[in-house]
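Student: Got a predicted model here, sequence first, then my questions.
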Amino acid sequence: QVQLVESGGGLVQPGGSLRLSCASSEVIFRFNSMAWYRQAPGKQRDMLATITNGDIINYADSVKGRFTISRDSAKNTVYLQMDSLKPEDTAVYYCNAVISSSPRQAYWGQGTQVTVSS
């Protein structure tokens, strides 16, 4: 069973930075893509950034230019560097991994809380 464990969340002031980590129990090249999502209270879970096996990266408009997704294959870990944080970035952040072959398999971490407040 694939396990994804997020870490690095916490309380940060507006304008600050955090780096989230997602450690996989499996070799990350097993996944066709990995991604970061977030979910604020009362809202849907939104995709923030994705990275594919071919290093194709996409960002949601809301975080483009502020957040950076990257991976360290040797550590089986994906990161989300978050800069210029805003109060509206407050949410639970989730790591996601997808195997696209039939049947499609998607895995989620347990989430890590990020709170941006002064």
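Tutor: Perfect, thanks for sending it.
Student: dump the residue contacts of the residue lying closest to Ser101 once chain neighbours are set aside.
Tutor: Closest residue in space to Ser101, ignoring its immediate chain neighbours: Asn32 at 7.8 Å, by Cβ to Cβ, 6 or more residues apart in numbering. Yep, even glycine has a C-beta here, placed from its N, CA and C like the rest. The contact partners of Asn32, taken as Cβ atoms under 8 Å, 6 or more residues apart in numbering, are Thr52, Asn53, Val98, Ile99, Ser100, Ser101.
Student: From Asp83, how far off is the fifth one?
Tutor: To tie it back to what came earlier, the one meant is Ser100. 30 Å (Cβ to Cβ, to the nearest Å).
Student: Test of understanding: give the bridge partners of the residue most central in space within the chain.
Tutor: In the chain, the C-alpha closest to the average C-alpha coordinate belongs to Trp36, at a distance of 2.4 Å (Cα atoms, centre = their mean). Judged by DSSP bridges, the bridge partners of Trp36 are Ala49, Cys95.
Student: So it sits against Leu80, correct?
Tutor: Yes: Trp36 lies in contact with Leu80 (Cβ atoms under 8 Å); the separation is 4.6 Å.
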